[in-house]
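Enquirer: pasted the sequence and its predicted model underneath.
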Amino acid sequence: MQSTVPEKLTVYVVLHSAADADKGVFQSSSSMGGYTDRERARERLRTLVKEEEAQMVIPFNMEDFREEYSSDHWEVWQDGYAAGWFIRYEIVPVECEVRP
């Protein structure tokens, strides 16, 4: 009898990472959810970005504000100080081995 359980499964994990050196905040990356459907992960990413944008406080001159995004990531940072202030959300595909 053949199993209907796939041998491998991809889970799309939405990760969040951020830093604000001036405030002494260096967060470890954290999972914001895992999804077996990439489009659901992208929906979650878009929701998280909208929430972040609504509450984000830019602690520097807007001339130094930079943003980069794709369907699988969003990142903002301070130009010339990217390691000192940034916020990032990204989707990381994780290959899982499935055993019955």
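Expert: On my side now, so go ahead.
Enquirer: drop to CA atoms for contacts and neighbour counts, all remaining ones
Expert: Will do.
Enquirer: number of nearby residues for Tyr89?
Expert: Tyr89 is flanked by 25 other residues according to other CA atoms under 10 Å.
Enquirer: list the contacts of the residue nearest in space to the middle of the chain.
Expert: Nearest residue to the geometric centre of the chain (CA atoms, centre = their mean): Tyr89, 2.0 Å. Counting by CA atoms under 8 Å, 6 or more residues apart in numbering, Tyr89 touches Val14, Leu15, His16, Ser17, Leu45, Val49, His73, Trp74, Glu75.
Enquirer: the second one reaches Val94, doesn't it?
Expert: No - counting by CA atoms under 8 Å, Leu15 sits too far from Val94 to count as a contact (11.7 Å).
Enquirer: the more surrounded of the two?
Expert: Leu15 (18 against 13).
Enquirer: which element, helix or strand, includes the more buried one?
Expert: Leu15 is part of strand 8-20, with elements assigned from DSSP states H and E.
Enquirer: the helix or strand just after that strand - what's its average pLDDT?
Expert: Counting by DSSP H and E, the element after strand 8-20 in chain order, helix or strand, is strand 25-26. For strand 25-26, the mean pLDDT works out to 87.
Enquirer: pull up the pairing partners for whichever helix or strand comes after strand 25-26, direction included.
Expert: For strand 25-26, the succeeding helix or strand toward the C-terminus, using DSSP H and E, is strand 30-35. Its sheet considered, strand 30-35 pairs with strand 8-20 (antiparallel) by DSSP bridges.
Enquirer: Glu52: what secondary structure?
Expert: helix (DSSP: H, G, I helix; E, B strand; the rest coil).
Enquirer: what number of residues lie near it?
Expert: By other CA under 10 Å, the residues close to Glu52 number 13.
Enquirer: check contacts around it.
Expert: Glu52 neighbours (CA under 8 Å, 6+ apart): none.
Enquirer: any idea how far it is from Asp37?
Expert: Distance of Glu52 to Asp37, given as CA to CA, to the nearest Å: 23 Å.
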